[in-house]
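what follows is a predicted structure for the sequence shown.
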Amino acid sequence: MSWTVTTSDYAAEGVADNGNRFLIGNGVFGVRGTLEEHRKDALTAVNLAGLYDQVGDGWREPLNAPNPLYTLVTEGGEALSLPEREPLSHLQTLDFHSAVMERRTTWKTEGGILEAAAWRFASLSSPGLLCAKFRLTATAPTRVTLDAGIDGDVWDIHGPHYESVEFSCKGTSLSCIARVQNSTLTVPVTRLCTLEGAEGTPELIKFDRLAALRWTLDLHPGHAVTLTSICTVNAPPELALDAPGYDALLTEHRAAWEEVWRRSAVEIDGDEEAETAVNYSLYQLNAAAPRDGGARSIPARGLSGQTYKGAIFWDSELFMLDYFLHTQPEVARSLVRYRIDTLPGALEKARQYGHEGAFYAWESQEGGRDACSDYNVVDVFTGRPVRTYFRDKQVHISAAVVWALIRYVNHTGDRAILREGGAEVVAQCARFYLSLLVKPLCRERYELRDVLGPDEYHERVDNNAYTSRMAAFVFDAALAMPELAGEAGLLARLRDAREKLYLPAPDDKGLIEQFDGYFALEDVVPAQVRARLQDPREYWGGSHGVAGDTQVIKQADVAALLALFPGEHTPRELEANWRYYEPRTEHGSSLSACMYAMLACRFGRSDLALPFFHQTATAELRGGGKQWAGLVYIGGSHLAAAGGAWKVLAEGFAGLRATGGHGYAFTPCLPEGWRRVRLRLSDGKSIQIAEITHTGTVLRPLEEEHI
Ligand code: IFM
């Protein structure tokens, strides 16, 4: 398979997708795959993990650091910049095995041809470092200026976050400190430059929020001039000074990525496109994965920018966790610990809404602060904010937290995490759902009313089947947990709740109603609803959305429920619901397709699953996903889809089931035409290879081999 992604497209229209597709990252920061000369209008960003700021009433969002890769060449007073100055050729490549981005562009100059080639990597072995090379070669004597700068005029969605950006320069080391508004927070960035192949001392040039070292160079045919930059991003400048040099750093960085692939690369004999797409998805996940052993998680849009406020959603628990759990359990532990660490925020949120226990943030930032606005969408016609209920009613988030924790503990056997706060999380989430239960006077049952299920187009509904089943899961988890055995009062209430909790059951056609009254809504399909739009950016949900009074749903909802609990239903029921809900699903969220693929595997129809699997796995490679919700920009990496791709491959097609204590069982359902799937699975100490074919599965320890 090919471990590279390439494009020759440099048009302004493609810049947002290319920024995501060619992204590099190391879990500490992500650098969008824009070009060296690009600035904020091209959505260039060096996005910092876990550092947030709010300006005025704007949304609280993660900081983008000043960009130390800014490099500009001018010739004859004209900038060699894309797309303005048309090139003779252009190629941008991401080697996602080594996580190195390369660009090569040639332009016609007065006397000949000039090539700019550049390489960059966000060091996975020294995560404070961003390293780059920029090489100029000319076919004729050419005079150029080369600016190597730090661009502090960063792209913000709700900024500007920096009060000031102060530059300093020592020799060929350029530094800046960006001071965050109304805060003591600062972001230091350094660029240590080394020029080879030319003499001369650079002059320091300064513009507003941009400073650069400028060399005037006489290029000669056959003599390359190379600028090497070792940059620190939100790390002490000494890190660059003490670093062993570009080549040694590159070797260490490659080795770190090699280890990632040794533990988790997938192989699909018979579908090279899928093989590339899944490994590329894993690249995206790993570029955002926390590896410092701390209590940290992965934002829904990874480190691709400020979209979705750099917040952690249920995406981490239900879509991303499993890949890490089965290949890098130490990363899974960080994800789980993040929720333990943010329990105080969840307790406070529940209290604010008048509930008990832990109501986790729908869009979680540090400390569990909920960044989700009450007005998450802007009306395209009036420009007015639209009241949405994601924050107050999407209560299934707390169950997702428990789901991940239990999955982690069952698979790894790491019960220490329960003593470190995990058991308390389960107890508090159980208390939360207890406090939400309503008992109608006329019925001997408890209901979960006024909620918002995964399908965000239908707000404030009663008895959403997914949410209620997940609440029951939380009750079961708490009841089964020896660590909570002493909580007699709580356990008695939970037993009662579990017994009387109303869970919508399949009707005589095998269908589960998504929520009370769903089947009575107008029965149309997404194309019909789309045709009613007056503006393509209109939000389909909310009080006036085109989908609200119809059966058109945004994303897998009942399908998600059945994909998570397939054993509770007959294959006939699973299929009936798939066939009913899929045509009514817009798939307006990148979380949708993988659930449908997974569900189809559960009733043995890999042929139905395959197109949805491809859709999930190619979310980034394809690009062009939904960029707007109302007037709000929502583009960026789709890491739930990336995690979902692995889940469908491993847990769907390969039929992997964790049996506890790092054990596995397989019930394969491979697509026709696929000859073999090879998965790598690791408990953190050793690696196993699972070879899945149509006739069975072999699990064996990894021997030395090349991938
Ligand atoms: O968590 C999702 C949600 O289910 C749909 N909208 C986008 C969120 C972040 O990916």
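Thanks, I have the structure now.

and stretch 294-301, end to end?
Across stretch 294-301, the terminal residues are separated by 20 Å (CA to CA, to the nearest Å).

ah, wrong one, I meant stretch 181-190
In stretch 181-190, first residue to last residue: 21 Å (CA to CA).

what are the contacting residues of it?
Stretch 181-190 has contacts (CB atoms under 8 Å, 6 or more residues apart in numbering) with 46, 48, 51, 53, 55, 63, 65-66, 68, 150, 160-163, 173-180, 231-237, 240. Placement of C-beta: from N, CA and C, glycine included.

which positions in the stretch 251-400 of the chain make contact with the ligand?
Residues of the stretch 251-400 of the chain lying close to the ligand by CB under 6 Å from any ligand atom are 300, 308, 313, 314, 315.

how far off centre is stretch 58-67?
Stretch 58-67 has its C-alpha centroid displaced from the chain centroid by 17 Å (CA atoms, centre = their mean, to the nearest Å).

picking up where we left off before, now list the buried members of the contacts of stretch 181-190.
Buried members of the contacts of stretch 181-190, scored by 16 or more other CB atoms under 10 Å, are 46, 48, 51, 53, 55, 63, 65-66, 68, 150, 161-162, 173-180, 231-235, 237, 240.

where does residue 434 land in three-state SS?
Judged by DSSP: H, G, I helix; E, B strand; the rest coil, the three-state class of residue 434 is helix.

taking the buried ones among the contacts of stretch 181-190 one by one, which sit in helices?
Taking DSSP state H as the definition of helices, these contribute residue 240.

biggest helix in this structure by residues?
helix 246-264.

helix or strand for the closest residue to the ligand within the stretch 151-300 of the chain, which one?
When scored by CB to the nearest ligand atom, the stretch 151-300 of the chain has residue 300 as its residue closest to the ligand, at 3.8 Å. Using DSSP states H and E, residue 300 maps to neither a helix nor a strand.

what does the one 5 residues further on give?
Take DSSP H and E as the rule and residue 305 turns out to sit in neither a helix nor a strand.

hmm, it is touching residue 49, no?
No: contact criterion CB atoms under 8 Å: residue 305 and residue 49 do not qualify, at 12.0 Å.

looking at the two, which has the bigger crowd around it?
residue 305 (30 against 25; other CB atoms under 10 Å).

find the residues that touch each one of residue 305 and residue 49.
Residues touching both residue 305 and residue 49 (CB under 8 Å, 6+ apart): residue 30.

if we can go back for a sec, what is the neighbour count of the residue of the stretch 151-300 of the chain closest to the ligand?
Neighbour tally, residue 300, other CB under 10 Å: 27.

before we move on, what about the one 10 residues further on?
Other residues lying near residue 310 total 28 when counted by other CB under 10 Å.

correct me if wrong: it contacts residue 54.
No: with contact defined as CB under 8 Å, residue 310 does not reach residue 54; the gap is 11.9 Å.

residues shared between the contacts of these two?
Common neighbours of residue 310 and residue 54 (CB under 8 Å, 6+ apart) are residue 61.

picking up where we left off before, the buried ones among the contacts of stretch 181-190 in strands, which ones?
46, 48, 51, 53, 63, 65, 150, 162, 173-180, 231-233 (DSSP state E).

for the ligand, what's its nearest residue on the stretch 1-150 of the chain.
Of all residues in the stretch 1-150 of the chain, residue 20 sits closest to the ligand, at 13.8 Å by CB to the nearest ligand atom.

quick check: that residue touching residue 33?
Yes: contact criterion CB under 8 Å: residue 20 and residue 33 qualify, at 7.2 Å.

quick one on the thing from earlier: tell me which two in the residues of the stretch 251-400 of the chain next to the ligand are the farthest apart.
Greatest spacing in those, by CB to CB: 308 and 314 (12.3 Å).

and the helices in the stretch 201-350 of the chain?
Taking DSSP state H, counting those that start in this stretch to define them, one finds helices in the stretch 201-350 of the chain at 238-241, 246-264, 272-288, 314-315, 321-327, 329-341, 343-352.

can I get those helices in JSON lines with mean pLDDT?
Formatted as JSON lines, the helices of the stretch 201-350 of the chain follow (pLDDT from 0 to 100):
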{"stretch": "helix 238-241", "mean pLDDT": "95"}
{"stretch": "helix 246-264", "mean pLDDT": "98"}
{"stretch": "helix 272-288", "mean pLDDT": "98"}
{"stretch": "helix 314-315", "mean pLDDT": "98"}
{"stretch": "helix 321-327", "mean pLDDT": "98"}
{"stretch": "helix 329-341", "mean pLDDT": "98"}
{"stretch": "helix 343-352", "mean pLDDT": "98"}
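
okay, those in a markdown table with distance to residue 534 next?
Supplementary listing: these in a markdown table, determined by distance: least, CB to CB, whole Å:
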| stretch | distance to residue 534 |
| --- | --- |
| helix 238-241 | 53 |
| helix 246-264 | 46 |
| helix 272-288 | 35 |
| helix 314-315 | 31 |
| helix 321-327 | 40 |
| helix 329-341 | 41 |
| helix 343-352 | 36 |
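
assign residue 41 to helix, strand or coil.
Per three-state DSSP, the secondary structure class of residue 41 is helix.

now swap in residue 459 and tell me
Following three-state DSSP, residue 459 is assigned to coil.

quick check: what element follows the worst-scoring helix or strand of the chain on mean pLDDT along the chain?
The weakest-scoring helix or strand in the chain, judged by mean pLDDT, DSSP states H and E, is strand 628-629 (a mean of 70). Next along the chain after strand 628-629, taking DSSP H and E as the criterion, comes strand 632-633.
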